[in-house]
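Chemist: Okay, sequence plus prediction incoming.
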Amino acid sequence: MRPFDQQRILLGVTGGIASYKSAWIARLLTQAGAEVDVVMTRAATEFVGAVTFEALTGRRVHTALIEAGHALDHIKLARAADVVLVAPATADFLARAVHGHADDLLSACLLATTAPVVLAPAMNDHMWAHPAVQQNVQAARALGYQVIDPDTGALAAGEGSGPGRMPEPETLVAHLGRVLGMRDVSSLRGQRVVVTAGPTREPVDPVRFLSNRSSGLMGVEIASAAWRRGADVTLIAGPLEVALPVGVHVVHVETTAQMRDAVRDAMPTADLLVMAAAPADFTVSEPADRKLKKRERPDSLSLVSTDDILLATRDVRRAGAVIIGFALETGNAVAEGTRKLHEKNLDLVVINDATEPGAGFATPTNRVTLVDRDGRVEALSLLPKREVAEIILDRAEERVRGR
């Protein structure tokens, strides 16, 4: 799975209670297709066993700087790594790392590697706030290390809550994906990308609404993939049934009119718009201002069309911006999608059939056909939506480069 396929990741684990989360990091990276070399400090082995990481990665775990037959492990591991993540990074390890110590295998690997290094500090909130620790954090960044600030939340038993908690494994894996994604030359690096996702809700009364089955997963995957490629991403999201993406600025909206206005606000500076949301096409002409009682059931609801967001924002598109739309159909999908491509002046339209098993709403997979303004048609097989997102952005980058 991009960007982790066949990548070699050195996962350093130091002696903090958060090291129990490191096992899940190893699991996630391995599932994503990476080869994970785990290097543990002596203190780390007091919190979690090396055999745990071996079982999760299927690879030997490294703990000793000097060991018969492995005297140059720190050089071999450092050179083989595509990226290094130290999670958790204790206050002691931070201090040793920024002062160039090499008295254990992990710190020696940091000196010997030329790969990007990501540090995830985790400690008591008072320790994190100490001037010496903050000075070491700044020194680490000055050395070129990426330091991910800890979260605020529950600390070790009896220590209450505060800043110092290691970010969740999924968050750290997402940051590694961005580091790997930005190693390659990407036309989206530094570009302003706007993505819409999810359904909208049109009120019938204060407790009921008109909507659809969109979970928002396709748009979230596109926003995540664009962020991994180095873009500055804004996600304009209706109500989502999936987790919010890491690193992405999220604008929450409820109705189609709110989504239209948010897109209009973003478009004058956007380099790329991907309209992956499924906004409601109709709204109630006169929503009730109180809950409609069952005994008061209306015989009908008067519906009016909502604005088409892509059409309603044509006049505020930045010159040269690449515009990608989606067309979810239930018949004559390619013909209908192609019509929308020209009608809405799109660079690319992503077409799928809501009646096809495994595609459309509320599924982890999708089967789409891509049609561009030059008439090229590309029919994809049924794929995970994460892979579909990568292919869509590949095609978007081709358009960005050709502007």
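Modeler: Sure, I can see it. Numbering: from 1, shown residues only.
Chemist: going forward, measure contacts between C-alpha atoms and count neighbours the same way
Modeler: Will do.
Chemist: Can you point out the buried residues in stretch 372-388?
Modeler: Across stretch 372-388, burial judged by 16 or more other Cα atoms under 10 Å covers 372, 383-388.
Chemist: do stretch 54-68 as well
Modeler: By 16+ other Cα under 10 Å, the buried positions in stretch 54-68 come out as 54, 56-57, 61-65.
Chemist: Filter those residues down to the ones in strands?
Modeler: When DSSP state E defines the strands, the subset of the buried residues of stretch 54-68 inside them is empty.
Chemist: any chance of the residues you listed in a markdown table, plus pLDDT and distance to V98?
Modeler: Output for these, formatted as a markdown table (pLDDT from 0 to 100; distance: Cα to Cα, whole Å):
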| residue | pLDDT | distance to V98 |
| --- | --- | --- |
| E54 | 96 | 29 |
| L56 | 97 | 30 |
| T57 | 97 | 29 |
| V61 | 95 | 24 |
| H62 | 94 | 22 |
| T63 | 92 | 21 |
| A64 | 85 | 21 |
| L65 | 82 | 19 |
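Chemist: So A379 sits against N366, correct?
Modeler: No - counting by Cα atoms under 8 Å, A379 does not reach N366; the two are 11.5 Å apart.
Chemist: Where does pLDDT dip in the stretch 101-250 of the chain?
Modeler: For the stretch 101-250 of the chain, applying pLDDT under 70 flags the ranges 157-159, 185.
Chemist: okay, now the residue nearest to L56 when sequence neighbours are not counted: neighbour count?
Modeler: Nearest residue to L56, sequence neighbours excluded (Cα to Cα, 6 or more residues apart in numbering): R27, at 5.5 Å. Neighbour count for R27, taken as other Cα atoms under 10 Å: 17.
Chemist: P268 too?
Modeler: Counted with other Cα under 10 Å, residues neighbouring P268 total 15.
Chemist: Hmm, it is touching V316, no?
Modeler: Yes - if you go by Cα under 8 Å, P268 and V316 touch, sitting 5.6 Å apart.
Chemist: Touching the strand or helix carrying A26 from outside, list them.
Modeler: Element membership of A26, judged by DSSP states H and E, is helix 19-31. For helix 19-31, contacts defined as Cα atoms under 8 Å, 6 or more residues apart in numbering pick out 4, 11, 13, 35-36, 44, 47-48, 52-53, 56-57, 87-88, 168-170, 172-173.
Chemist: now with 7 Å?
Modeler: Identification of contacts with helix 19-31 by Cα atoms under 7 Å, 6 or more residues apart in numbering yields 13, 36, 47-48, 53, 56-57, 87-88, 169, 173.
Chemist: Filter those down to the ones in helices?
Modeler: Of the positions in the contacts of helix 19-31, 53, 56-57, 169, 173 sit in helices, assigned by DSSP state H.
Chemist: now the end-to-end length of stretch 379-390.
Modeler: 15 Å (Cα to Cα, to the nearest Å).
Chemist: From the chain's centroid, how far away is it?
Modeler: 16 Å (Cα atoms, centre = their mean, to the nearest Å).
Chemist: for stretch 179-191, same thing?
Modeler: Centroid displacement of stretch 179-191 relative to its chain, using Cα atoms, centre = their mean, is 14 Å.
Chemist: outside of that stretch, which residues touch it?
Modeler: Residues contacting stretch 179-191 (Cα under 7 Å, 6+ apart): 3, 228-232, 271, 397, 400-401.
Chemist: can you rerun that using 10 Å?
Modeler: Around stretch 179-191, the neighbours that count as contacts under Cα atoms under 10 Å, 6 or more residues apart in numbering are 2-4, 7, 82-83, 116-118, 146, 173-176, 225-233, 269-272, 393-394, 396-401.
Chemist: Let me know the helix or strand that R386 is in.
Modeler: Per DSSP H and E, R386 falls inside helix 385-401.
Chemist: And the residue nearest to V233 when sequence neighbours are not counted, how close does it get to K294?
Modeler: Leaving aside its sequence neighbours, V233 sits nearest to V193 (Cα to Cα, 6+ apart; 4.8 Å). V193 sits 45 Å away from K294 when distances are taken as Cα to Cα.
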